[in-house]
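> I'll drop the sequence and a predicted model, then ask my questions.
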Amino acid sequence: MDAAHYDLVVLGGGPAGEKAAAQAAYWGKRVALVDRARQLGGAMSAGVVSSKTMREAALYLTGFRHRDVYDVGLELSPEVATEHLRRRTDAVVQMMVDAATENMRRHGVDCMRGRAVLGPGRTVVVHSEGAEPRTLAADVIIITTGSRPFHPPGIPFDDPDVLDSDAAALLDHPLRSLVVVGGGAVGCEFASIFTALGADVVLVDSGTRLLPFMDAEISQELTAVFVGMGMRVVQGAGRARATRTARGVEVELATGETLHPEKVIFAAGRAGNTEGLELEAAGVATDERGRIVVDEHFRTTADGIYAAGDVIGPPALGSVSMEQARVAARWAFDLPLTRAVDSLAPFGVYSVPEVAMVGLTEEGAAERGLAYATGRARFAANTRASISGATDGMVKLVFARADATVLGVHVLGEGATELVHLGQALIHFGGTIDYFIDTTFNVPTMSEAFKYAAYDGLGALGR
């Protein structure tokens, strides 16, 4: 049978794949999308959105935000709360899957389920269960197969009590005790979510501080908040090991301490989903973690084959992955749209409380030799935060000492991942802290903290 011909074949049905397919199809290209999963969405729906929904459901069901303000506690039993949490999570995931499916239908994209293998001459062979392999010929191939949790060697992930981040997002019962290994974004998210759900949580980090890519002061503040919640944070712990003993799962730290939690989550980063694609035979180069090597146009080392999203490595943010895929399609088909990914992408950590940043950290400004100053406003002094019981954290501004141009914005607190966009817009337009001072904010709001952080910054400038 002759190969079916498409202008574009996309491998991977996650957010990046969906956006690449929709971008090309919108401009009249014939597009096919191949994914091995039963439904679209990829890691974004399977793990990322699950954990974010889990967070919101946990806070709502337990009244965690309002415990100190309104004396609200966990009225539901942990079992009932977890059942509601899982139901809500499943509903949101299904909503995302339905939206992605409808988007592909609306754009006329042919979606195929099966295992894709790259063939010669920009062909893709799709192996579907119970059917003969089908060959697709393409002018362009974009690989957006995403990533999966990295499994450090020597960790027994076949043990039901040793989980990676994907498995942790599918937990369907409450836990009495938990060890989370990894002080990055995923580790902080799960550790704080299960602390809010009432588990006895130990967060183990091999580094000297949590979230090392964030501003150091914000990281230290987050650690203090975690400890105040009742979490134990162990830093500089070296490489942790897990084994099965007569007492259950045992976690041994490099310090010699042993822990015996109900379950342990290893949050050790991500690895590219490239196995079985036959990349080497197609001339597509990868790095040591299986991530595809691309140039600034998202071209791989093989002619006509592009890659975008988590499969090419950091920053591995869903927001950035989608933009990378759109830009890859624009380069591939010479589409009359912007062909660069936003260089000022925000970072958000959906822990309890949230953390977000955009631009330079205080350490980053110092490393560049910039003369800078900072301004802070704590949510403990914010009326809206006091009303809602979300007084942890602050807004921190990093700005140039010479002209007060904002260089970085850092937020720790409830709604941080939303609030940070105000700072992102200001940095994009080269604004100064005077914008926050001169602007009228609704009162009471969390956003008002930007004004008082700017006023605090004026003091640092002696104005």
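Here it is on my side, so go on.
> hey, let's count contacts and neighbours off CA atoms from now on
Will do.
> out of all of them, which strand in the protein is the longest?
Counting residues, the longest strand found in the chain (DSSP state E) is strand 134-143.
> A100: helix or strand, and which one exactly?
helix 78-106 (DSSP states H and E).
> what's in contact with the helix or strand following that helix?
Next helix or strand after helix 78-106 toward the C-terminus (DSSP H and E): strand 110-113. Residues outside strand 110-113 that contact it (C-alpha atoms under 8 Å, 6 or more residues apart in numbering): 31-38, 104, 128.
> repeat that with 7 Å
Here strand 110-113 makes contact (C-alpha atoms under 7 Å, 6 or more residues apart in numbering) with 31-38, 128.
> ok so, going back, tell me which other helices or strands the longest strand of the chain touches.
Contact analysis of strand 134-143 by 3 or more C-alpha pairs under 7 Å, 6 or more residues apart in numbering; DSSP states H and E lists strand 4-11, strand 123-127, strand 305-307 as its packing neighbours.
> neighbouring strands for that strand, and are they parallel or not?
Paired neighbours of strand 134-143 in the sheet (DSSP bridges): strand 4-11 (parallel), strand 123-127 (antiparallel), strand 305-307 (parallel).
> Buried deepest among those, which one?
Highest mean neighbour count among the strands paired with strand 134-143 (mean count of other C-alpha atoms under 10 Å): strand 305-307, with a mean of 28.
> picking that back up, in CSV: the contacts of strand 110-113, plus pLDDT, distance to I305 and neighbour count.
Formatted as CSV, those follow (pLDDT from 0 to 100; distance: C-alpha to C-alpha, whole Å; neighbours: other C-alpha atoms under 10 Å):
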residue, pLDDT, distance to I305, neighbour count
V31, 98, 14, 27
A32, 97, 15, 24
L33, 97, 14, 24
V34, 97, 15, 24
D35, 94, 17, 24
R36, 89, 19, 19
A37, 84, 22, 15
R38, 78, 25, 11
S128, 92, 22, 15
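> in the helix holding A100, what's buried?
78, 81-82, 84-86, 88-90, 93-94, 96-97, 100-101, 103-104 (16 or more other C-alpha atoms under 10 Å).
> do stretch 188-195 as well
By neighbour count on 16+ other C-alpha under 10 Å, the buried set for stretch 188-195 is 188-195.
> just stretch 17-32 next, same as before
For stretch 17-32, the neighbour count (16+ other C-alpha under 10 Å) marks 17-25, 29-32 as buried.
> Next step: those restricted to helices.
By the criterion of DSSP state H, membership of these in helices covers 17-25.
> hey, where'd the helices end up in the stretch 251-400 of the chain?
Secondary structure of the stretch 251-400 of the chain by DSSP state H, counting those that start in this stretch: the helices cover 279-282, 318-333, 362-367, 383-388.
> Any idea which of the ones you listed gets closest to V420?
helix 318-333 (14.3 Å; C-alpha to C-alpha).
> among the helices of the stretch 251-400 of the chain, which is nearest D303?
D303 lies closest to helix 279-282 among those, at 9.5 Å (C-alpha to C-alpha).
> quick one: contacts of the closest one?
118-120, 302.
> Show me what the helix or strand T417 falls within is packed up against.
According to DSSP H and E, T417 maps onto helix 416-428. Applying 3+ C-alpha pairs under 7 Å, 6+ apart, we find helix 416-428 packed against strand 355-359, strand 406-412.
> Show me the strands paired with the last one, marking each as parallel or antiparallel.
Paired with strand 406-412 in the same sheet, following DSSP bridges, are strand 355-359 (antiparallel), strand 394-400 (antiparallel).
> can you give me the strands in the stretch 201-350 of the chain?
232-234, 241-245, 248-252, 258-259, 263-266, 270-272, 305-307, 347-349 (DSSP state E, counting those that start in this stretch).
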